[in-house]
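Chemist: Need a 3D model of the sequence below.
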Amino acid sequence: MKKIYPNKEVCIGCHLCEVACVTAHSKTKDTILAHNVEKAQEGLAPRRNVAQDGPICVALSCRHCEEPMCVAACISGALTKNPETGRCEYNEEQCVGCWSCLMACPFGSIRRHPFKEKIVKCDMCAGRDTPACVEACPNAGLVFEDRGKD
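Modeler: Next up is the predicted model:
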């Protein structure tokens with residue numbers, strides 16, 4: 001299964017992956033409207049986060065684990081592992097906002113939605129051939145490839 005892999009050796013901390021993520025998950029698909037209107041009004045949040053420690057930075061998101069602890073911790077069934085795609089999928093309508101998944105994820109990949117009592121997590125831009133964050137990265141700090149079992 002293809003996954004998004006970060007490459008901290010070439011990440012420059014530009015946050016373009018976050019911008020692309022917000023735009024891709026917006027209603028308008030317009031960068032300006034997504035960031036100036038939808039982000040403020042609807043709490044549109046990136047599903048990817050650039051972590052930085054001094055000069056070292058890396059873009060992090062859901063790793064779509066083989067045996068995801070977040071799915072095991074989800075009491076409502078809002079998080080499931082799709083056996084065909086290998087993706088950890090999230091159904092917002094089923095989420096009860098208990099934050100069990102947030103606490104269970106060892107990578108800190110699941111975040112609280114800024115306005116709703118729900119979570120935000122990477123869906124690898126379901127429906128696209130290549131995730132928006134990977135397409136937007138100017139330095140190949142993110143790659144989308146199949147590396148076999150992780």
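Chemist: Val22: which element?
Modeler: Val22 belongs to helix 16-24 when elements are defined using DSSP states H and E.
Chemist: can you map out the strands along this structure?
Modeler: 2-6, 49-53, 56-60, 79-81, 88-90, 111-112, 119-120, 142-146 (DSSP state E).
Chemist: what's the closest of the ones you listed to Ala104?
Modeler: Between Ala104 and those, the tightest spacing by CB to CB is seen for strand 79-81, at 9.5 Å. The C-beta positions use only the backbone N, C-alpha and C, and glycine is treated the same way.
Chemist: low-confidence ranges in this structure?
Modeler: Along the chain, the model assigns pLDDT under 70 to residues 149-150.
Chemist: quick check: domain ranges of it?
Modeler: As recorded under automatic domain parsing, the domains making up the chain are 1-61+122-145, 66-121.
Chemist: what's the span of the last one, first residue to last?
Modeler: Across its full length, domain 66-121 reaches 16 Å between end residues, using CA to CA, to the nearest Å.
Chemist: Please report how far the residue nearest the centre of the chain lies from Gly54.
Modeler: Closest to where the C-alpha atoms of the chain average out (CA atoms, centre = their mean) is Cys122, at 2.3 Å. Note on Cys122: its distance to Gly54, by CB to CB, to the nearest Å, is 25 Å.
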